[in-house]
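Trainee: structure, please.
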Amino acid sequence: MNANRLLTAAAAAALAAGIAGAAWGQPAATAKTEGQAQAATGKATTDAPANTAVQGQAAAVREGAAPAPAASASAAVAGYAKIAPSGDIVQTLQASGQFKTFIKGLDATNLTPVLKQQPHLTVFAPTDAAFAAYGDVDKLMADLPTLQKLLLHHIINAEVDSAKFKGAHGGVPSGAGDKIVLDGTSDTLKADQASILQADVHATNGYINAVDQVLKAGSVPEQLPEAAAPAAEEQPAPAPAKKTTKGTKRGGNS
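Mentor: Just a heads-up that it's a prediction; the model follows:
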């Protein structure tokens with residue numbers, strides 16, 4: 001078996017081996033263990049993650065309507081133009097013309113067929129500008145196992161639209177076997193350290209989220225720090241007791 005076939009097999013195995021559980025959601029400032037998150041669901045699904053707080057937030061969004069993507073200053077800097085669905089995930093990225101490096105990497109690691117044929121995927125696609133800022137792309141392209149693992153980190157084997165993590169923060173299992181940390185606790189939606197330039201582009205086999213940086217596993221904590229407990233109100237110090245002096249009877253000779 002040659003290297004390309006090995007890479008293809010590894011990619012398929014990574015996406016099939018339990019990574020479908022996208023029930024990662026943590027409400028802001030609420031800790032969950034990895035075991036609890038993975039136990040919430042065990043198969044690829046288009047349903048919201050089994051997390052009541054996140055479901056409650058998602059219920060506020062009209063069913064079937066994608067929320068407006070958050071604005072990002074990076075979009076203007078990179079000259080990003082919004083993309084529209086144009087077939088499957090790969091076809092939509094190709095039609096945009098802004099993800100050539102990402103597509104080149106998918107082709108080199110035999111991930112293109114996976115992103116064309118596998119249903120119910122969510123892909124975080126770095127723009128060409130994001131890869132240009134990443135570093136030595138030629139060196140990365142020459143190291144196919146490392147490149148494939150990096151690209152698999154940008155894929156979730158479930159449909160995770162932004163309504164599922166709006167107002168929440170937590171890790172979602174990725175195709176690389178690690179986790180993408182999604183953060184919807186501020187106006188700008190985040191994936192790991194990257195800002196999402198455009199969310200919820202619905203291709204025929206899943207969602208595309210354009211991001212302004214190449215995702216880096218472990219770049220942000222999976223759990224938000226617990227909110228500091230409010231300081232107890234200081235009670236006023238008791239007033240000092242008043243000293244009472246008894247008068248002394250002064251005697252003397254008249």
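Trainee: strands of the stretch 101-250 of the chain, start to end?
Mentor: For the stretch 101-250 of the chain, strands defined by DSSP state E, counting those that start in this stretch occupy the ranges 121-126, 155-156, 169-173, 179-183, 190-191, 194-203, 206-211.
Trainee: check which helices and strands the fifth one sits against.
Mentor: Helices and strands in packing contact with strand 190-191 are listed as strand 179-183; criterion 3 or more CB pairs under 8 Å, 6 or more residues apart in numbering; DSSP states H and E. Every C-beta, even on glycine, is put in place using the N, C-alpha and C of the backbone.
Trainee: about what we covered before: what's the closest of the strands of the stretch 101-250 of the chain to Gly218?
Mentor: For Gly218, the closest of those is strand 179-183, at 8.7 Å, according to CB to CB.
Trainee: relative to strand 121-126, how tilted is that closest one?
Mentor: Interaxial angle of strand 179-183 relative to strand 121-126 (axes from the mean of the first three to the mean of the last three CA atoms, to 10 degrees): 80 degrees.
Trainee: pLDDT of strand 179-183, averaged?
Mentor: For strand 179-183, the mean pLDDT works out to 98.
Trainee: so where's the protein uncertain?
Mentor: Within the chain, the stretches with pLDDT under 70 are 1-78, 227-254.
Trainee: that one: helices as residue ranges?
Mentor: 3-16, 34-39, 52-59, 73-78, 89-96, 100-108, 112-117, 128-134, 137-142, 144-152 (DSSP state H).
Trainee: quick one: neighbours of Ser195, just the number.
Mentor: When neighbours are counted by other CB atoms under 10 Å, Ser195 registers 20.
Trainee: with Glu159 instead?
Mentor: By other CB under 10 Å, neighbour count at Glu159 equals 20.
Trainee: wait, doesn't it sit right on Val123?
Mentor: No - if you go by CB atoms under 8 Å, Glu159 and Val123 don't touch, sitting 10.6 Å apart.
Trainee: which residues does Val181 contact?
Mentor: By CB atoms under 8 Å, 6 or more residues apart in numbering, Val181 lies in contact with 169-172, 190-192, 219-222.
Trainee: report the separation between it and Val220.
Mentor: Between Val181 and Val220 the computed distance is 5 Å (CB to CB, to the nearest Å).
Trainee: what sits in contact with each of the two?
Mentor: Common neighbours of Val181 and Val220 (CB under 8 Å, 6+ apart) are 190, 192.
Trainee: what residues does Lys190 make contact with?
Mentor: Contacts here follow CB under 8 Å, 6+ apart; on that basis Lys190 touches 181-184, 196, 220.
Trainee: so which of those wins on neighbours?
Mentor: The residue in the contacts of Lys190 with the most neighbours, by other CB under 10 Å, is Leu182 (31 neighbours).
Trainee: skipping its backbone neighbours, what lies nearest it in space?
Mentor: Phe165 (4.4 Å; CB to CB, 6 or more residues apart in numbering).
Trainee: residues near the one you found, how many?
Mentor: Phe165 has 30 nearby residues by other CB under 10 Å.
Trainee: which non-adjacent residue is nearest Leu152?
Mentor: Gly175 (3.6 Å).
Trainee: please disregard the earlier target; I meant Gly171.
Mentor: Once flanking residues are discounted, Gly171 sits nearest to Lys179: 3.4 Å by CB to CB, 6+ apart.
Trainee: wait, what's in contact with that neighbour?
Mentor: Taking CB under 8 Å, 6+ apart, we find Lys179 in contact with 24, 171-173, 217, 222.
Trainee: ok, which pair from those is furthest apart?
Mentor: Using CB to CB, the pair of the contacts of Lys179 lying farthest apart is Trp24 and Ala217, separated by 14.0 Å.
Trainee: so which of the two has more stuff around it?
Mentor: Taking neighbours as other CB under 10 Å, Trp24 and Ala217 compare with Trp24 leading, 30 against 17.
Trainee: who does Pro173 bridge with?
Mentor: On the basis of DSSP bridges, Pro173 is bridged to Lys179.
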